[in-house]
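S.K.: Here you go, sequence then predicted model.
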Amino acid sequence: MNWDQIQGNWKQMTGNVKSKWGELTDDELAEIDGDRETLEGKIQTKYGKSKEEAQREVDEFLANN
């Protein structure tokens, strides 16, 4: 799946996103609204990851969904 597909189906994908990154709140998921950079930023903040680690996790998420 590519990011355009996730962005277009964001409301349906939030369950999968929350399964992967359970510390993200519903409000944060609404704020992300399918924007990859915002998601990566939230992952960095919530999980103390580097930018590269967050990008890698999102890439892995894309590969598995």
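M.R.: Happy to help now that I have it. Residues are numbered from 1 along each chain as shown.
S.K.: In contact with residue 58, which residues?
M.R.: For residue 58, the contact set (Cβ atoms under 8 Å, 6 or more residues apart in numbering) comprises 36, 39, 40, 43. All C-beta atoms are positioned from the backbone trio N, CA, C, and that covers glycine.
S.K.: ok, now residue 55?
M.R.: Per Cβ under 8 Å, 6+ apart, neighbours of residue 55: residue 40.
S.K.: now the most centrally placed residue in the chain: how far from residue 56?
M.R.: In the chain, the centroid-proximal residue (Cα atoms, centre = their mean) is residue 39; its distance is 4.3 Å. Applying Cβ to Cβ, to the nearest Å, the value for residue 39 to residue 56 is 13 Å.
S.K.: Show me whatever sits in contact with both of these two.
M.R.: With Cβ under 8 Å, 6+ apart, residue 39 and residue 56 have no common neighbours.
S.K.: hey, C-alpha coordinates of the biggest helix by length in the chain in PDB?
M.R.: Secondary structure of the chain per DSSP state H: the longest helix is helix 51-64. The C-alpha trace of helix 51-64 is given here as PDB (Å, rounded to 0.1, in the frame of the first residue of the first chain):
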ATOM      1  CA  LYS A  51      13.400  11.200  12.700                       C
ATOM      2  CA  GLU A  52      15.000   8.300  10.800                       C
ATOM      3  CA  GLU A  53      13.500   5.700  13.200                       C
ATOM      4  CA  ALA A  54      10.100   7.200  12.800                       C
ATOM      5  CA  GLN A  55      10.400   7.200   9.000                       C
ATOM      6  CA  ARG A  56      11.600   3.600   9.000                       C
ATOM      7  CA  GLU A  57       8.600   2.500  11.200                       C
ATOM      8  CA  VAL A  58       6.200   4.300   8.900                       C
ATOM      9  CA  ASP A  59       7.800   2.600   5.900                       C
ATOM     10  CA  GLU A  60       7.400  -0.800   7.600                       C
ATOM     11  CA  PHE A  61       3.800   0.000   8.400                       C
ATOM     12  CA  LEU A  62       3.200   0.800   4.700                       C
ATOM     13  CA  ALA A  63       4.900  -2.500   3.600                       C
ATOM     14  CA  ASN A  64       2.600  -4.500   6.000                       C
END
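S.K.: Much appreciated, bye for now.
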